[in-house]
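J.: Would you be able to build a 3D model of this:
(chains A, B and C)
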Amino acid sequence: MANILEIQNLSKNFQGLKAVSNVSFTVSENSITGIIGSNGAGKTTVFNMISGVLIPSEGTITYCGNNITGTKAHKYSGLGIARTFQIMKPLRNMTVLENVLSGAMFGRKRISNTKEAREYALEILKFTDLYDKKDMYPKEMGTPFKKRLEVARALATNPRLLLLDEVMAGLNPTETDEAIELFLKINNEGITILLIEHVMRAVANLCEKVVVMHHGEKVSEGTPGEVMNDPYVIEIYLGKEEQ
Amino acid sequence: MDVGILVQALVNGIMIGGIYAMVGMSLNMIFGVMKITNFCQGEIVMVSMYITYLLYTYLGLDPFLAIPLVALIMFAFGAMLQSLLINRSIKEDGDQNVLFLTCCLGIFLTNTALLLFSSNYRTVESIFSNQVMKVFGMNISLPRFVSFLLLCLATVLIFLMLKHTKLGKQIRATSQNPTGAQVTGIKTKFIYTCTYGIGAAIAGIAGACLMSFYYVYPSVGNVYGTRSFIVVTMGGLGNVWGAFSGGFVLGILETVGSTIVGAAFKDTLVFVVFILILVIKENLNIKRKRG
Amino acid sequence: MKQKQIGIRTILLLILIAVLALVPLWIKTPYILGIFVTTFYIACGTIAWSILGGLTGQTSLGHAGFMGLGAYITALLTTKAGVSPWICMLIAFLAVGLIAGILMAPCFVLSGAYFSLVTIAFSEAFRNLFINWEYAGSGQGILIPIKKGFWQMRWVSKIPYYYISFFMVIIFFIILRSIDHSKLGFALKTIREDEDTAKAIGINPFRYKFIATFLSAGLIAVVGVFYANYIGYINSDIMDHSYSLNYVMPAIIGGVGNIAGPLLGSAILTPLSEFLSANLSSVANGLNLIVYAAIVIVVILFQPNGIMGWFVHSRFKKNVNKKLDAVDRKLFKMKQAECEE
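T.: Coordinates of the predicted model:
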């Protein structure tokens, strides 16, 4: 399988503080890849660099063979990269349908006709099981639906690569299972997913490859099984065994 | 250009800058703690000027002697405004609401003054009125100079209050993290009310000083409202020292600028410089954040 | 899908328009007509403001400056070069739109209150320039002499102004409505709600803010052209930033962000303020504005989303909709019956 995304020697300094240092990994097409790590490990910083919110201090990001390092944030959805935010950012005074509609109008599809865009948005809402909530306002819905809405809006831009930033945080086990189901369904449509997650179970069930980060560095990479048996990863997560 | 004129302009700038700095600081206090931009700060200065005027005409109190009393009245006035009106309109999403509210409050206060005092210019006589001090060939108006000293003193006192008193510590804690402050047992609502009161009191001190050498009319607040914003944004919102130095920069810019471009275009110069500073600062900020 | 049909709502709207169009036949008092004209042009100004302030969420407090620029453009071009005010409307729209867009472009990075401050600074700077510009009459302002004729847009009677401003309200509202429903509208609203999200779904905030500023400032300049010819005299006072609030407060009362808000707000506030200033300012100077501001303050405190903001989520709307739908069904049935015959 070809690589849709290649990260090489990515580093980011915030005025002397090294948030990310020398991280390299690849995401192959049609896969689900996860990045895990404790708080402050630099996961979101990596994400922000991939989606253009931050410019890397060093290193390159290659997407579909093109170097996209430092491209402006609003150009990404045109390239086919969509993202969600860790802190949910629903468009408060717009209904669920309108939220998704604006994604449909400005993503890779660039549908100018309002009617066509509406139909496409409704399709996305059906796909993500939000159809019966289409006229609600985000504040009237619970967290799981808000998270789902974030995903639906990103999906409406018709991405090839979907970046999900802790979309399962704060969900109970049933809701997590539903979310996992949704992501598998999205992946089946041929969309590559790169996600940040805390919930181990979700990562183990979803990802083909996991990248473990700690203190801004990549410490391990491999299948979920391999990573979880990596002694260094265990040490980070559970602490060193007393000798 | 004659150096003497420039130096004179510089000195005048520092004097008037003291007033700007003071109003700016009062605005900054409110912004720093409550994170709201108060668009009626100029009108609060106006109110305090009228109070000084009333104290002078009815009680014969000299504006300089009236300062503590004016500050006290303004504290009560500010605390009342905050607890009755502004506190209710603070919402989580966006500051548009408070912005509109304070704008309307400004109109309300200006026109109340118009109703009560008509649009005539009113002045007050102080013990130092019309006295001029000559230092190194420069003319320094005595009331301005005394005001300047008083303002410096007030600034120092406010700093000491914030650093060392219990209330000051609580205010600083609330400004850094309201939730955290609440958890430790600080009554944040009370602190907000106090802060707004203190902000109004500082503006009151500035107003009383201003009254000693300037005249008051209902829309005088417009001048000081916009100026205080300029001061504060130059120095950085929430940064009290920034506001202090911003005030002097603005004062000097005005007086020195008006001797260079002419008094008529002084305002344009000030506004253009203000916009430039704001835009450049924000762009640098974005660049720093993005990397 | 619902088929488009002429329902009771359209009929009611047409009746309202027809009644308003016929008002000058009944009411001949210049004073009352004047109130209507003021309401109409304030409504136009508020609509123009709300493209930037309501849809895009960039609270401008300096629109009086742009309106003043438009007024000065017509005052200078008509009195000095004899250009027709109608052409001035077009010139003002394009020129002021571009000036505002280009001047404000660097400020689009600013958010919230900072943006508002910059708009105040711009309008005050314009005012300062025009006070001192001798060619434009300095502080005395410019008097536009009455030359009768359609082409000159100057009449003694208020009736022509009534129709012009009424027509402008309709055009402005159609513009606002079509922006609201278009792709542009979605871009603007997304930027209003969250700029990061807007970027993430491929909206270039800079570009759309420029478009919004261009339209908003350009349209309010057209209002300025109308104002100058209607009043016949302008000076730099119309650029004072307190005048900007005339176009903001109706939007607040009506509901910022809702397209009907500006119309509703100015329909309520302007007649009220005219009434107050006619009845109270003679008794006590300033009392009219005190009452006016107090009303707005009360609305902000108790109904922060304005009347439309309340209406959209209210049960009242559902009831009204139900009743209108019922009427619709009856009408529709009648029509069907007619067809079958």
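J.: Specify the residue ranges that define each domain of chain A.
T.: Using automatic domain parsing, the domain ranges for chain A come out as A:1-80+A:160-243, A:90-158.
J.: so residue C:221 makes contact with residue C:101?
T.: No. Between residue C:221 and residue C:101 there is no contact under C-beta atoms under 8 Å: 11.9 Å. C-beta: built from backbone N, CA, C; applies to glycine.
J.: circling back to that earlier point, looking at the domains of chain A, spot the one closest to residue C:280.
T.: The closest of the domains of chain A to residue C:280 is domain A:90-158. By C-beta to C-beta, the value is 36.3 Å.
J.: Would you mind telling me which of residue C:221 and residue C:101 has the busier surroundings?
T.: Ranked by neighbour count (other C-beta atoms under 10 Å in any protein chain shown), residue C:221 and residue C:101 place residue C:221 first, with 32 against 20.
J.: Need the contact partners of stretch B:2-16.
T.: B:137-141, B:144-145, B:147-148, B:248, B:251-256, B:258-259 (C-beta atoms under 8 Å, 6 or more residues apart in numbering or on different chains).
J.: Which ones among those lie within helices?
T.: Taking DSSP state H, the ones among these that sit in helices are B:144-145, B:147-148, B:248, B:251-256, B:258-259.
J.: Which two among the residues you listed are spaced furthest apart?
T.: Farthest apart among these by C-beta to C-beta are B:147 and B:259. That separation is 21.9 Å.
J.: Pick out whichever of those two has more residues nearby.
T.: Per other C-beta under 10 Å, whichever of residue B:147 and residue B:259 has more neighbours is residue B:147, with 30 against 19.
J.: residues touching the more buried one, list them.
T.: B:15, B:18, B:19, B:209, B:210, B:212, B:213.
J.: which one of those residues is nearest chain C?
T.: The closest of the contacts of residue B:147 to chain C turns out to be residue B:19 (C-beta to the nearest C-beta; 18.9 Å).
J.: The closest one in helix, strand or coil?
T.: For residue B:19, the secondary-structure state derived from DSSP: H, G, I helix; E, B strand; the rest coil is helix.
J.: I'd like the distance between whichever residue of chain A sits closest to chain C and chain B.
T.: Here chain A gets closest to chain C at one residue, residue A:77, 3.3 Å apart by C-beta to the nearest C-beta. As defined by C-beta to the nearest C-beta, to the nearest Å, residue A:77 lies at a distance of 18 Å from chain B.
J.: For the strand or helix carrying that residue, give the mean pLDDT please.
T.: Here residue A:77 sits within helix A:76-79, counting by DSSP states H and E. In this model, helix A:76-79 has a mean pLDDT of 85.
J.: Contacts for the longest helix seen in chain A, please.
T.: Determined from DSSP H, the single longest helix within chain A is helix A:173-188. The contact list for helix A:173-188 (C-beta under 8 Å, 6+ apart) reads A:30-32, A:127-129, A:144, A:147-148, A:151, A:155, A:162, A:164, A:167-168, A:171, A:193, A:195, A:199, A:201-202, A:205-206.
J.: per-residue pLDDT, the residue of the stretch 101-250 of chain C found nearest chain A?
T.: Residue nearest to chain A within the stretch 101-250 of chain C: residue C:202 (3.3 Å; C-beta to the nearest C-beta). Listed pLDDT for residue C:202 reads 87.
J.: Is it correct that it falls within a helix?
T.: No. Applying three-state DSSP, one finds residue C:202 to be coil, outside a helix.
J.: hang on, the earlier thing: please, a PyMOL command that selects the buried ones among the contacts of stretch B:2-16?
T.: Buried residues within these, by 16 or more other C-beta atoms under 10 Å in any protein chain shown, are selected in PyMOL with:
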select buried, chain B and resi 140+141+144+145+147+148+248+251+252+253+254+255+256+258+259
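J.: Alpha carbons of stretch B:214-224, in PDB - could you do that?
T.: This file holds the C-alpha atoms of stretch B:214-224, laid out as PDB (Å, rounded to 0.1, in the frame of the first residue of the first chain):
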ATOM      1  CA  TYR B 214      -9.900  71.400  32.100                       C
ATOM      2  CA  TYR B 215     -13.600  72.000  31.600                       C
ATOM      3  CA  VAL B 216     -16.400  69.500  31.600                       C
ATOM      4  CA  TYR B 217     -19.300  69.000  29.200                       C
ATOM      5  CA  PRO B 218     -21.600  66.000  28.600                       C
ATOM      6  CA  SER B 219     -19.600  64.300  25.700                       C
ATOM      7  CA  VAL B 220     -16.200  64.900  27.200                       C
ATOM      8  CA  GLY B 221     -16.100  61.200  27.900                       C
ATOM      9  CA  ASN B 222     -15.800  60.400  24.200                       C
ATOM     10  CA  VAL B 223     -12.300  61.900  24.100                       C
ATOM     11  CA  TYR B 224     -11.100  60.000  27.100                       C
END
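J.: Spell out which residues of the stretch 151-300 of chain C are next to chain A.
T.: C:181-183, C:186-187, C:189-190, C:192-194, C:196-205, C:257 (C-beta under 8 Å from any C-beta of the partner chain).
J.: Helices along chain A, start to end?
T.: Using DSSP H, helices in chain A cover A:43-50, A:76-79, A:96-106, A:114-127, A:143-156, A:173-188, A:200-206, A:224-228, A:231-238.
J.: if we can go back for a sec, most tightly packed of the domains of chain A?
T.: Ranked by mean neighbour count, the domains of chain A are led by domain A:90-158 with a mean of 20 (mean count of other C-beta atoms under 10 Å in any protein chain shown).
J.: how close does the closest residue to residue B:286 other than its chain neighbours get to residue B:278?
T.: Spatial nearest neighbour of residue B:286, chain neighbours left out: residue C:109 (6.2 Å); criterion: C-beta to C-beta, 6 or more residues apart in numbering or on different chains. In this view, residue C:109 and residue B:278 are 10 Å apart by C-beta to C-beta, to the nearest Å.
J.: between those two, which one's more packed in?
T.: The neighbour comparison of residue C:109 against residue B:278 (other C-beta under 10 Å) goes to residue B:278, with 23 against 18.
J.: Show me what the helix or strand harbouring the more buried one is packed up against.
T.: Assessed by DSSP H and E, residue B:278 sits inside helix B:266-290. Identification of packing neighbours for helix B:266-290 by 3 or more C-beta pairs under 8 Å, 6 or more residues apart in numbering or on different chains; DSSP states H and E yields helix B:220-235, helix B:240-261, helix C:113-132.
J.: Need the contact partners of the second one.
T.: Pointing back at helix B:240-261 there. Helix B:240-261 has contacts (C-beta under 8 Å, 6+ apart) with B:1, B:5-6, B:9-10, B:12-25, B:27-29, B:32, B:155, B:159, B:162, B:227, B:230-236, B:265-266, B:269-270, B:273.
J.: Pull out the buried members of the residues you listed.
T.: When the contacts of helix B:240-261 are checked for burial by 16+ other C-beta under 10 Å, the buried set is B:9-10, B:12-25, B:27-29, B:32, B:155, B:162, B:227, B:230-235, B:265-266, B:269-270, B:273.
J.: From what I see, residue B:267 and residue C:126 are in contact.
T.: No. Contact criterion C-beta under 8 Å: residue B:267 and residue C:126 do not qualify, at 10.4 Å.
J.: Switch the ones in helices among the contacts of stretch B:2-16 over to JSON lines; also include distance to residue B:285 and pLDDT.
T.: Shown next, in JSON lines, are those (distance: C-beta to C-beta, whole Å; pLDDT from 0 to 100):
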{"residue": "B:144", "distance to residue B:285": "36", "pLDDT": "83"}
{"residue": "B:145", "distance to residue B:285": "38", "pLDDT": "85"}
{"residue": "B:147", "distance to residue B:285": "35", "pLDDT": "86"}
{"residue": "B:148", "distance to residue B:285": "33", "pLDDT": "86"}
{"residue": "B:248", "distance to residue B:285": "23", "pLDDT": "83"}
{"residue": "B:251", "distance to residue B:285": "26", "pLDDT": "84"}
{"residue": "B:252", "distance to residue B:285": "25", "pLDDT": "84"}
{"residue": "B:253", "distance to residue B:285": "22", "pLDDT": "84"}
{"residue": "B:254", "distance to residue B:285": "26", "pLDDT": "83"}
{"residue": "B:255", "distance to residue B:285": "30", "pLDDT": "83"}
{"residue": "B:256", "distance to residue B:285": "28", "pLDDT": "81"}
{"residue": "B:258", "distance to residue B:285": "31", "pLDDT": "81"}
{"residue": "B:259", "distance to residue B:285": "33", "pLDDT": "79"}
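J.: Many thanks, I have nothing further to ask.
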